[in-house]
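K.L.:
Fold the following and give me the result.
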Amino acid sequence: MSGTRFNVGDIIATSITLGLVVVLIVLIIKIYSYFKLTKQNNVERLQLEKERTQILQNGMDEMKERLETIERKLNNKS
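P.N.:
You can find the predicted model right below:
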């Protein structure tokens, strides 16, 4: 009679260990996904900020040109 005997304690310990490994793997995947999403959002935010800066710079250049035109007209009248 050579049968395989299962020790309930070993089965429980193995189940807990495998469960913890699975939880750790899922946690690592979630953290990686979070950081990847955060990086993507930061890149998009930076791109938007660059576009806003360019729009503001264009507006400033246009205002400067208008001011120079006004100054030239005022200087020609005097």
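K.L.:
low-confidence ranges in this structure?
P.N.:
1-3, 78 (pLDDT under 70).
K.L.:
ok, 50 please
P.N.:
Residues of the chain meeting the criterion pLDDT under 50: 1.
K.L.:
Tell me where it has helices.
P.N.:
Counting by DSSP state H, the chain has helices at residues 8-77.
K.L.:
buried sites along stretch 65-77?
P.N.:
Going by neighbour count (16 or more other CB atoms under 10 Å), nothing in stretch 65-77 comes out as buried. (C-beta placed from N, C-alpha, C; glycine too.)
K.L.:
Also stretch 4-12?
P.N.:
For stretch 4-12, it's none, nothing buried (16+ other CB under 10 Å).
K.L.:
Could you do stretch 28-36 as well?
P.N.:
Buried-residue list, stretch 28-36, by 16+ other CB under 10 Å: empty.
K.L.:
would you put the C-alpha positions of stretch 41-56 in CSV?
P.N.:
Output in CSV follows, covering the C-alpha atoms of stretch 41-56 (Å, rounded to 0.1, in the frame of the first residue of the first chain):
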residue,chain,number,x,y,z
ASN,A,41,-0.2,62.3,-19.2
ASN,A,42,2.9,64.3,-18.3
VAL,A,43,4.1,64.1,-21.9
GLU,A,44,0.7,65.3,-23.2
ARG,A,45,0.6,68.1,-20.6
LEU,A,46,4.1,69.2,-21.6
GLN,A,47,3.1,69.3,-25.3
LEU,A,48,0.0,71.4,-24.4
GLU,A,49,2.2,73.8,-22.4
LYS,A,50,4.6,74.1,-25.4
GLU,A,51,1.7,74.9,-27.7
ARG,A,52,0.3,77.5,-25.3
THR,A,53,3.7,79.1,-24.9
GLN,A,54,4.0,79.3,-28.7
ILE,A,55,0.5,80.9,-29.0
LEU,A,56,1.4,83.4,-26.3
